[in-house]
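*Asks:* pasting the structure only:
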């Protein structure tokens, strides 16, 4: 009798340690999730096998859903920009209400949903092929302005620089860098139009900008600026790749971005007279006239 009781206790302990079993032990009696008593070992074994199969089925569904999500995001990384507000609103709604409640969305979410409707309607395929890089754009943003160099066809080098407006000068460094990239893409638009369906390498010394463009993601304060670049790249039919470069290797564009604080450039009058004498050229207009000495 003692051996029988010991054997029963061991069997109960083993069964209780089986993972994923949806049943309970009450006074050496097993009940399933329907609170129905399971009397024999065959019934207990059946419950265990049933729960194992259910767990495998749920894992398979989860893996399939994850796979579908991964594949759906692969063709167009920019589409992630139009899920941020929607996902945030859904999360807030779930914290306040249950799954069965009606969710009220704001205008931003409605714009995102309309974008998806247009996107599905257009049904424009995206290429999985990485195009060969044909030009390199290096940018930099300083407190005074932005500068850039563009090298294409492995030999032609263009430079560009501009100053921030009073309002733009108050932006954060990350916002300035993203806006600098947008401005430089816009200013070199005529060059890019001749290079449609080509890839551009964008180099920046700000890691945040490199990450945001690489993933087409950004925090809320930078989303609209990232979208500006996204639409411009789409319009120009370009494929962009971003990499980070150390600031010490970005000296040219750094100097260009700081030209605004240097003021107007001028040539010393003595030097100019020497040049004029060498070229045997005497200008008819006083090139050094100002509003004070004209």
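*Replies:* Received the coordinates, thanks. Everything numeric in this text was worked out from a predicted model, so none of it was measured. Residues are numbered from 1 along each chain as shown.

*Asks:* hey, let's count contacts and neighbours off CA atoms from now on
*Replies:* Noted.

*Asks:* so residue 204 is in contact with residue 140, correct?
*Replies:* Yes - counting by C-alpha atoms under 8 Å, residue 204 does reach residue 140; the two are 6.5 Å apart.

*Asks:* now the stretch 1-150 of the chain, which segments are flagged as low pLDDT?
*Replies:* Low-confidence segments of the stretch 1-150 of the chain, defined by pLDDT under 70: 1-82, 98, 119-130.

*Asks:* mind redoing it with 50?
*Replies:* 1-2, 4-5, 8, 11-30, 32-33, 64-75 (pLDDT under 50).

*Asks:* residue contacts, residue 202?
*Replies:* With contact taken as C-alpha atoms under 8 Å, 6 or more residues apart in numbering, residue 202 is in contact with 136-139, 240-243.

*Asks:* that one pairs with what?
*Replies:* Under DSSP bridges, the beta-bridge partners of residue 202 are residue 137, residue 242.

*Asks:* about what we covered before: closest to residue 175 out of the contacts of residue 202?
*Replies:* Among the contacts of residue 202, residue 139 lies closest to residue 175 (C-alpha to C-alpha), at 13.2 Å.

*Asks:* check for me that that closest one belongs to a strand.
*Replies:* Yes - counting by DSSP: H, G, I helix; E, B strand; the rest coil, residue 139 is located in a strand.

*Asks:* and it, how far is that from residue 227?
*Replies:* Residue 139 is 18 Å from residue 227, where distance means C-alpha to C-alpha, to the nearest Å.

*Asks:* got it, and residue 279?
*Replies:* 53 Å.

*Asks:* between those two, which one's more packed in?
*Replies:* The residue with more neighbours, out of residue 279 and residue 227, is residue 227; 18 against 9, by other C-alpha atoms under 10 Å.
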